[in-house]
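*Asks:* build the 3D model from these lines:
(one chain, ligands or ions: 1)
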Amino acid sequence: MACFFRRIIAEKLGRTLQHSEDAFIPALSAVPLFKKQQTPDFKLSISSLRSSGILPSSADIQQQTEDLASQLKQDSVVEDISAGSGVINFKINRKLLVQKMLEPFGKEEDEKFGLNSELFNTLKKGTTLVEYSSPNIAKKFHAGHLRSTIIGNFIANLKQSLGNSVIRMNYLGDWGMQFGLLGAGFGQFGCQEKLKQNPLQHLFEVNLHVYVQVNKEAEHNEDLKQAARNFFRQLEQHESEAVSLWQQFREITVDEYQHIYKRLGVHFDIYSGESFHQDQAQEVVQQLQSRGLLKTSEKGTGVVDLSSTGDMSSVCTVLRSDGTTLYITRDLAAAIDRTEKYCFDEMIYVTDKSQANHFHQLFQILLAMGHSWADRCRHVPFGLVRGMKTRSGEVVFLEDVLDEARDRMLHNMNQAKTTKEMDDPKDTAEKVGISALIVQDFKGPLQSDYTFDWDRMLQAQGDTGVFLQYTHARLCSLIRKNEGVEAALFDPSLLLEQTSINILQHLLRYDEVLHQSAQDLQPKHLVNFLLKLCHLIASAHRELPVKGSSQDVAQARLRLFSGACSVLANGMRILGVTPVEKM
Ligand code: ARG
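*Replies:* Here you go, the predicted model:
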């Protein structure tokens, strides 16, 4: 595989430059394919050797490149070595490339393809806690929560594939004054019957009522506000009646969400929430005080001075003037609690970018408190989704988006008449619809905003999740039809066509792509890699038919197709997409 060849080239470089071969691994990379042009397999970056001190940076870089290229000897593995501009190109013996790349498949090692790469040795290992989704109880679900859910799931899957032990956590917005309003509002407008039938809908309605009442210039609204304060105080004092109503709200909401997460193929190890840390938040305030970090502002609130000059020009409020804590105070408590409970090696928070400053302040305060592990915490921000609408209008609940994705997909499948041979077309449409949502979301940089577009994301031909699924299903059907033809052995010299070499050259990049995604936590590298793979597979379907070929050729081609199929399926699973076998 890629590692095998990278190692051989590194050895060669080590011998020539009298240097440990490991130092060359990061400077070597598989070359991405260019249109209509044959590409070398690997390239060595001379500037990277200069910056790591292996070559002097004072010399002329092109001269260095050419000198080194001429010193390196070709052999039976590396067939051709040539100097490019600032890079040295390496071409691997074609037969060996085919043989090594396709060797792991068909030996029950398919799933590990690309995952045992030595490139991953430099990544952080150990326990990764990923916090994602984290919706607010009784509030409208917004596109941001869907983004957080699928991005967090991707990060958790990726880390897990690379050998980390992963804790998946959902941190619910289940505390704060709004629960006072909700509790009080439920007393006036709520109905237990409706709550049980359709909890998210009903709690949302109650909330809406409350919101309208509170913002109305009527004399009753003071009563409601007072009732809300009372209810929240009862909650804070753990009074059983208030607590049990709140608990009911929380439980039925979690149940409902779990149902949706299941449809999305997402799960959590822990359902935590702001409510878990209300008492600890007060302890945090005391710790801040005893460390001399808590200041009182002119408004009487408790603040932490985050300015570099100590002149309170930049502060973060951690305590209201009435002594109650805030979102950030609970986050401080939650982070400290998690480090004690789970001993994580890194913690990742996934939210929209409007919270970037919140997390920046959170980490700053933790460091000021002496928690050096705050350096191992990371916020992954993402942009806004514009125009997420369903046929019935603005999206209120996540479920509506999932239903619509499924129904539109089912409609497309019916029109293309592909549903006939399926056992459960609705289930297939659901999986394909969700992959369309995910791929649309993951194609660009996470930080960018994008516009939601049903028609574009459901296209069967463009760079969509539907195209990934379609390619996978087509490969599965080819493999099914030729059951019994595939053999343990195949002749690599029957796979030397450019179409086949292109696929293998592309697969050489797989571990680098995963490595890149693991570093910057951006799914776009993997998504674009898989889309490109699907385009290459489409050419191979046209140019390398299995049907009608001689037994040997058919066997070799099937090996190529099944290798490509398993990398595609593994990559899709990391993205959080369930590959379908028929569509
Ligand atoms: N519930 C919050 C929201 O919907 C997101 C929570 C993010 N996580 C955290 N630890 N603050 O905006």
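*Asks:* give the next helix or strand downstream of the lowest-mean-pLDDT helix or strand in the chain.
*Replies:* Least confident helix or strand, the chain: strand 393-394 with a mean of 80, by mean pLDDT, DSSP states H and E. As assigned by DSSP states H and E, the chain's next helix or strand after strand 393-394 is helix 398-415.
*Asks:* neighbours of whatever residue of the stretch 351-500 of the chain ends up closest to the ligand, just the number please.
*Replies:* The ligand sits closest to Thr351 of the stretch 351-500 of the chain, with a gap of 4.7 Å, by C-beta to the nearest ligand atom. Heads up, the C-betas are built off the backbone N, CA and C, glycines and all. Other residues within reach of Thr351, judged by other C-beta atoms under 10 Å, total 24.
*Asks:* partners of the least confident helix or strand of the chain, with directions?
*Replies:* Here strand 393-394 has these sheet partners by DSSP bridges: strand 389-390 (antiparallel).
*Asks:* find the nearest non-adjacent residue to the residue of the stretch 351-500 of the chain closest to the ligand, please.
*Replies:* Closest residue to Thr351 apart from its sequence neighbours, by C-beta to C-beta, 6 or more residues apart in numbering: Ser148 at 5.9 Å.
*Asks:* so the one you found belongs to a strand, correct?
*Replies:* No: counting by DSSP: H, G, I helix; E, B strand; the rest coil, Ser148 is not part of a strand but helix.
*Asks:* so how far is the ligand from it?
*Replies:* Ser148 sits 7 Å away from the ligand, going by C-beta to the nearest ligand atom, to the nearest Å.
*Asks:* isn't that residue up against Gln355?
*Replies:* No: Ser148 is beyond contact range of Gln355, at 10.2 Å (criterion: C-beta atoms under 8 Å).
*Asks:* those two - which one has more neighbours?
*Replies:* Set Ser148 next to Gln355 and count neighbours by other C-beta under 10 Å: Ser148 wins out with 23 against 17.
*Asks:* which residues does that one contact?
*Replies:* Taking C-beta atoms under 8 Å, 6 or more residues apart in numbering, we find Ser148 in contact with 132-134, 350-352, 382.
*Asks:* residues contacting stretch 429-441, please?
*Replies:* With C-beta under 8 Å, 6+ apart, stretch 429-441 has contacts from 146-147, 150-151, 263-265, 385, 401-402, 405-410, 413, 450, 452-453, 456-458, 463-466, 468-469, 527, 531, 572, 575-578, 580, 583.
*Asks:* does Leu203 sit in a helix, a strand or a coil?
*Replies:* Classified using three-state DSSP, Leu203 is helix.
*Asks:* OK, contacts around it?
*Replies:* 137-138, 182, 195, 249, 253.
*Asks:* one more time with 10 Å
*Replies:* When contacts are counted by C-beta atoms under 10 Å, 6 or more residues apart in numbering, Leu203 touches 137-139, 182, 185-186, 190, 194-195, 249, 252-253, 256.
*Asks:* same question for Leu208.
*Replies:* Contacts of Leu208 (C-beta under 10 Å, 6+ apart): 138, 140, 185, 189, 396.
*Asks:* on that earlier part again, which of the contacts of stretch 429-441 count as buried?
*Replies:* By neighbour count, with 16 or more other C-beta atoms under 10 Å, these hold 146-147, 150-151, 263-265, 385, 401-402, 405-410, 413, 450, 452, 457-458, 463-466, 468-469, 527, 531, 572, 575-578, 580, 583 as buried.
*Asks:* what's the spacing between the residue nearest to Thr351 and Ser272?
*Replies:* Ser148 is 15 Å from Ser272, where distance means C-beta to C-beta, to the nearest Å.
*Asks:* what about Val432, which helix or strand?
*Replies:* Going by DSSP H and E, Val432 is in helix 425-442.
*Asks:* again with Asn170
*Replies:* strand 165-172.
*Asks:* gap between the two ends of stretch 378-395?
*Replies:* 30 Å (C-alpha to C-alpha, to the nearest Å).
*Asks:* in stretch 271-281, what's buried?
*Replies:* Those would be 271-278, 280-281, for stretch 271-281 by 16+ other C-beta under 10 Å.
*Asks:* touching the ligand at all, that stretch?
*Replies:* No: Stretch 271-281 does not reach the ligand (C-beta under 6 Å from any ligand atom); its nearest approach is 7.5 Å.
*Asks:* looking at the contacts of Leu203, which are in helices?
*Replies:* Those of these mapping onto helices are 182, 185-186, 194-195, 249, 252-253, 256, per DSSP state H.
*Asks:* export those to TSV and tack on distance to Thr324 and pLDDT?
*Replies:* Listed next are those as TSV, based on distance: C-beta to C-beta, whole Å; pLDDT from 0 to 100:
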residue	distance to Thr324	pLDDT
Leu182	16	90
Gly185	20	90
Phe186	21	91
Lys194	31	92
Leu195	27	88
Phe249	20	91
Ile252	26	86
Thr253	23	87
Glu256	29	87
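*Asks:* out of the residues you listed, which is nearest to the ligand?
*Replies:* Checking these against the ligand by C-beta to the nearest ligand atom gives Thr253 as the nearest, at 12.4 Å.
*Asks:* need the contact list for the residue most central in space within the chain.
*Replies:* Nearest residue to the geometric centre of the chain (C-alpha atoms, centre = their mean): Phe154, 2.9 Å. Contact analysis of Phe154 by C-beta under 10 Å, 6+ apart lists 130, 132, 266, 350, 438, 441-442, 446, 517, 521-523, 526-527, 574-577.
*Asks:* can we see that at 7 Å?
*Replies:* Listed by C-beta atoms under 7 Å, 6 or more residues apart in numbering, the contact partners of Phe154 are 523, 574-576.
*Asks:* again with Gly444
*Replies:* Gly444 sits next to 450, 524 when contact means C-beta under 7 Å, 6+ apart.
*Asks:* domain parsing for this structure?
*Replies:* What automatic domain parsing lists as the domains of the chain is 2-92, 127-290+323-386, 395-575.
*Asks:* would you list the ones you listed in TSV and tack on distance to Glu109?
*Replies:* Listed next are the domains of the chain as TSV, based on distance: least, C-beta to C-beta, whole Å:
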stretch	distance to Glu109
domain 2-92	14
domain 127-290+323-386	14
domain 395-575	10
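*Asks:* shouldn't Asp460 be in contact with Tyr470?
*Replies:* Heads up, residue 460 is Ala, not Asp. Yes: proximity of Ala460 to Tyr470 meets the contact threshold set by C-beta atoms under 7 Å, at 5.8 Å.
*Asks:* how many residues are close by the closest residue to the ligand within the stretch 151-300 of the chain?
*Replies:* Using C-beta to the nearest ligand atom, the closest approach of the stretch 151-300 of the chain to the ligand is made by Gly173 at 3.4 Å. Other residues near Gly173 number 19, with proximity taken as other C-beta under 10 Å.
*Asks:* for the closest residue to it other than its chain neighbours, the count of nearby residues, please.
*Replies:* Of all residues not flanking Gly173 in the chain, Asn136 sits nearest, at 3.2 Å (C-beta to C-beta, 6+ apart). By other C-beta under 10 Å, the residues close to Asn136 number 19.
*Asks:* now swap in Ser372 and tell me
*Replies:* By other C-beta under 10 Å, the residues close to Ser372 number 9.
*Asks:* got a pLDDT number for it?
*Replies:* If you check Ser372, the pLDDT there is 98.
*Asks:* before we move on, the earlier item: just confirm the residue nearest to the centre of the chain is within a helix.
*Replies:* Yes: looking at Phe154 with three-state DSSP, it is inside a helix.
*Asks:* who's in contact with the residue of the stretch 151-300 of the chain closest to the ligand?
*Replies:* 134-137, 274.
*Asks:* for those, give me a markdown table that also has pLDDT.
*Replies:* Listed next are the contacts of Gly173 as a markdown table, based on pLDDT from 0 to 100:
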| residue | pLDDT |
| --- | --- |
| Ser134 | 96 |
| Pro135 | 93 |
| Asn136 | 90 |
| Ile137 | 87 |
| Glu274 | 95 |
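*Asks:* from those residues, which two are the most distant?
*Replies:* Using C-beta to C-beta, the contacts of Gly173 span at most 11.9 Å, a distance reached by Pro135 and Glu274.
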